[in-house]
Structures are given as C-alpha cells and as structure tokens.
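Engineer: return a 3D structure for these sequence lines:
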Amino acid sequence: MQKFRADLHIHTVLSPCADLEMTPRNIVEKAREAGLQIIGITDHNSTKNALVIKDLAKTEDIYVLTGVEITTKEEVHCLAFFEETEQLQTFQDYLEENINKIPNPNGHFGYQPVIDADENVLEMVSYFLTTALKKGISEIQRKVYELNGIFIPAHVTRPMNGILAQLGFIPDDLKFDALGITSKASGDDVRKKNGLSKEITLVYNSDAHYPEHIGRNYSVFNLQELNFEEIRMAFKRQNKRFVEER
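Structural biologist: The predicted model follows:
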C-alpha cells in the first residue's frame with residue numbers, strides 16, 4: 001500500500017465567499033507546497049472551475065477529485081465527486097435546474113467568476129451560488145449515486161450547515177461514503193461526542209477559502225494506486241484500503 005495526503009474540500013474563486021487569490025494555478029501551487037497528492041475541488045453549487053484545476057494539477061502529479069459542495073433544501077452542506085466529465089456535467093445541469101436562483105447583481109454577495117488556466121474570466125455566474133437547492137439531502141444523495149459519484153456530508157460537527165446541526169441526527173436510510181471533518185479533533189472524540197459508529201469513515205479536510213488554508217487539515221489515504229475507485233474503496237475500507245484515523 002502507498003500513502004497519499006489528501007484535502008478534499010477546497011473552494012476556488014468561483015465560490016462567492018472565497019478569496020480572489022483562489023485561482024486554479026494558485027490552488028495547484030499551494031497544494032504542491034502543502035505536500036498534497038489528492039485534492040477535491042468543491043465550490044458552492046457549481047462544478048465549473050473543477051476541470052481546469054484537474055488539467056493543471058497533472059503537471060504536479062496531484063490527483064483531483066472534481067466535485068461540488070451542495071447546499072440541500074435543509075441547508076446541509078454535502079460534498080459530491082464524479083470521475084467522468086460527462087457525469088460532472090450531468091450533475092452541473094441538475095444543480096442549475098434545482099437551485100433557487102437569487103440574483104447576485106454586480107457581485108453583491110461576492111464575485112463568482114468561471115476562469116481558465118490563464119485567469120481569463122469566461123463567465124460571471126449571475127445568481128448567488130451558496131443558496132439552497134430545491135431538493136432534500138436524500139434525493140440529492142440518490143442522484144449522486146445514480147451518476148456513480150462519491151457522497152460526503154461536509155463538516156458535520158460544525159454548528160452551522162453540518163448535518164448534525166441542521167437535522168439533529170443522521171437519517172438511518174441516508175447512504176454516504178464518509179463524513180467530512182474540518183476540526184482537528186481526534187476520531188475518538190468526534191465519535192463519542194456525536195454518537196457516530198466506528199464503521200463510519202471520517203475524512204479530515206480544510207474547507208479552504210484562502211490559499212494559505214489549503215492542506216491545513218488533511219487525511220492520509222492508504223491505496224494500492226491512485227485513482228477514483230481506489231479512493232472509494234478506502235472510504236468503504238475494502239481490500240485493505242482505508243483512511244487513517246487520528
């Protein structure tokens with residue numbers, strides 16, 4: 001097995017709450033400096049800056065999970081990742097069809113640029129990206145799995161937008177691959193405080209909105225090789241693949 005350092009919750013300049021320095025090239029450079037081999041690109045309710053980072057990161061041998069941070073109808077934040085460009089685009093269409101489109105005139109809530117590798121602005125998203133979708137968490141999870149994606153409720157221990165804060169519990173019928181943790185608390189502490197089963201994989205991420213935050217919190221994946229299915233197996237603890245617990 002090989003060890004890979006991963007930070008799977010990183011925002012780009014497309015997220016209205018992210019720093020304007022979170023450009024594709026800066027993200028890749030900071031990930032390299034932080035010693036990351038896997039990163040997840042997770043802008044709020046949009047996948048549109050993910051692929052450019054995936055292409056740039058290849059030169060640094062950094063594997064990019066292309067995805068999104070979804071705000072569900074219940075105001076729960078969840079991460080979703082897709083292996084294929086077609087799956088990513090299909091989910092982007094789903095997001096655009098189901099988000100409540102609150103106007104964002106002149107970047108009132110923050111600028112939301114889609115940019116290329118040279119930082120040229122290709123599009124300014126005109127509606128506020130962090131608003132909730134019209135779909136609930138279970139329906140969104142089913143859509144992610146229909147597209148063979150990975151689904152992770154984000155920063156579950158936070159007092160805002162985490163599943164435990166918003167719902168007060170994790171529904172018994174909700175399927176997911178792992179739970180995201182942004183604190184640096186030990187796995188034992190997180191489980192005891194929140195009544196989480198030892199069977200659930202915890203994945204530590206930074207939720208970086210600023211370049212200097214990339215990799216400040218990370219997980220270590222034990223994989224045979226570096227690809228999407230190996231990462232999925234690690235979440236499920238299959239075939240000796242796993243995510244190390246603190």
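Engineer: contacts for stretch 114-130, please.
Structural biologist: 13-17, 23-25, 43-46, 48-49, 52, 55-56, 71, 99, 101-105, 107, 109, 111-113 (Cβ atoms under 8 Å, 6 or more residues apart in numbering). In this view, the C-beta of every residue, glycine as well, is placed from N, C-alpha and C.
Engineer: right, I mislabeled it, should have said stretch 179-194
Structural biologist: By Cβ under 8 Å, 6+ apart, stretch 179-194 touches 8-9, 79, 152-158, 164, 196-198, 200-207, 217, 245-246.
Engineer: let's see 6 Å
Structural biologist: Here stretch 179-194 makes contact (Cβ atoms under 6 Å, 6 or more residues apart in numbering) with 152-157, 164, 200, 202-205, 207, 245-246.
Engineer: cool, and stretch 40-57?
Structural biologist: 8-12, 14-15, 24, 27-28, 64-69, 79, 88, 92, 95, 99, 114, 116-117, 129-130.
Engineer: buried subset of the residues you listed?
Structural biologist: 8-12, 14-15, 24, 27-28, 64-69, 79, 88, 92, 95, 99, 114, 129-130 (16 or more other Cβ atoms under 10 Å).
Engineer: the residues you listed in helices, which ones?
Structural biologist: By the criterion of DSSP state H, membership of the buried ones among the contacts of stretch 40-57 in helices covers Pro24, Ile27, Val28, Leu88, Gln92, Leu95.
Engineer: how about those residues, which pair is most distant?
Structural biologist: Between any two of these, the greatest separation by Cβ to Cβ is 24.1 Å, found for Val28 and Leu95.
Engineer: kindly export the lowest-mean-pLDDT helix or strand in the chain (C-alpha atoms) in PDB.
Structural biologist: Lowest by mean pLDDT, DSSP states H and E among the helices and strands of the chain is helix 187-194, with a mean of 91. Presented in PDB, the C-alpha positions along helix 187-194 are these (Å, rounded to 0.1, in the frame of the first residue of the first chain):
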ATOM      1  CA  GLY A 187     -11.700  10.500  15.700                       C
ATOM      2  CA  ASP A 188     -12.500   9.000  19.100                       C
ATOM      3  CA  ASP A 189     -13.600  12.500  20.400                       C
ATOM      4  CA  VAL A 190     -15.700  13.100  17.300                       C
ATOM      5  CA  ARG A 191     -17.400   9.700  17.600                       C
ATOM      6  CA  LYS A 192     -18.000   9.900  21.300                       C
ATOM      7  CA  LYS A 193     -19.400  13.500  21.200                       C
ATOM      8  CA  ASN A 194     -21.700  12.800  18.300                       C
END
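Engineer: and that helix, what's buried?
Structural biologist: Per 16+ other Cβ under 10 Å, helix 187-194 contains these buried residues: Gly187, Val190, Arg191.
Engineer: now those as a markdown table including distance to Ile39?
Structural biologist: Converted to a markdown table, the buried residues of helix 187-194 look like this (distance: Cβ to Cβ, whole Å):
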| residue | distance to Ile39 |
| --- | --- |
| Gly187 | 22 |
| Val190 | 22 |
| Arg191 | 26 |
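Engineer: show me which of the residues you listed is closest to Leu223.
Structural biologist: Once Cβ to Cβ is applied, the member of those that ends up nearest Leu223 is Gly187, at 19.2 Å.
Engineer: now the closest one: how far from Ile53?
Structural biologist: Using Cβ to Cβ, to the nearest Å, Gly187 is found at 29 Å from Ile53.
Engineer: residues in contact with Gly110?
Structural biologist: Contacts of Gly110 (Cβ under 6 Å, 6+ apart): Pro16.
Engineer: for it, give me phi and psi.
Structural biologist: Here is the backbone geometry of Gly110 (degrees, to the nearest 10): phi 120, psi 150.
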